[in-house]
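Here is my input; please provide its structure:
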Amino acid sequence: MNRPDTSMTATQTWRAVVVLLYQASDAGMRRAETDRATHSPALWADLIASAAQQLLPSSQGESLDEVELPEGLEERDFASLVVAATELTQSQHLEDFPPGASGLIGEIARLADEVSP
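Numbers count the residues shown, from 1 in each chain. Model (predicted):
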């Protein structure tokens, strides 16, 4: 496991994971216009993002517009965004994430395995 990232709290990290998954879903849906095989994984990313957002306290989950992503995570493709979300989940201790996160972290990892080359 990676060392905990002390520059972000677990809540900030979880919010970034949600944003990355929504971005991945958007990128996957755009790609699905020419590659239909991407449609289902893009929907899977959206479903996980939605479930992950529901684990946040209402004050943290309502607006994700001001979430700052770690440097270098902008403008990536679908698979890279999913992998980046997986890596972020490994940057904190599991018990510091919201209750229920462990199952979703497993889903994120399965999605990353599915879409990674």
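
What residue in the chain is the furthest from its centre?
With distances taken as Cα atoms, centre = their mean, the residue sitting farthest from the centre of the chain turns out to be residue 34, at 23.5 Å.

State which helix of this protein is the longest.
Secondary structure of the chain per DSSP state H: the longest helix is helix 10-32.

Check the offset of the helix or strand that comes right after that helix from the chain's centre.
On the C-terminal side of helix 10-32, the closest following helix or strand by DSSP states H and E is helix 39-54. The chain centroid and the centroid of helix 39-54 are separated by 9 Å, computed with Cα atoms, centre = their mean, to the nearest Å.

same check, this time on stretch 16-28
Average the C-alpha atoms of stretch 16-28, do the same for its chain, and the two points are 6 Å apart (Cα atoms, centre = their mean).

List of residues touching it?
Applying Cβ atoms under 8 Å, 6 or more residues apart in numbering, the contact partners of stretch 16-28 are 8, 38-39, 41-43, 45-46, 48-49, 52-53, 56, 61, 64, 67-70, 73, 76-78, 81-82, 84-85, 88-89, 108. Using the backbone N, CA and C atoms, a C-beta is placed for each residue, glycine as well.

are any of these buried, and which?
Taking 16 or more other Cβ atoms under 10 Å as the criterion, what is buried in the contacts of stretch 16-28 is 8, 38, 41-42, 45-46, 48-49, 52-53, 56, 61, 67, 69-70, 73, 76, 78, 81-82, 84-85, 88-89, 108.

ok, back up a step: show me which residues of the longest helix of the chain are buried.
Judged by neighbour count (16+ other Cβ under 10 Å), helix 10-32 contains these buried residues: 10-25, 27-29, 31-32.

again, but for stretch 83-96
Of the residues in stretch 83-96, those buried by neighbour count under the rule 16+ other Cβ under 10 Å are 83-92.

So which of those residues sit within helices?
Applying DSSP H to the buried residues of stretch 83-96, the entries found in helices are 83-89.

could these go into JSON lines alongside pLDDT?
Rendered in JSON lines, the data for these read as follows (pLDDT from 0 to 100):
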{"residue": "83", "pLDDT": "94"}
{"residue": "84", "pLDDT": "93"}
{"residue": "85", "pLDDT": "94"}
{"residue": "86", "pLDDT": "95"}
{"residue": "87", "pLDDT": "93"}
{"residue": "88", "pLDDT": "93"}
{"residue": "89", "pLDDT": "95"}
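
Many thanks, I have nothing further to ask.
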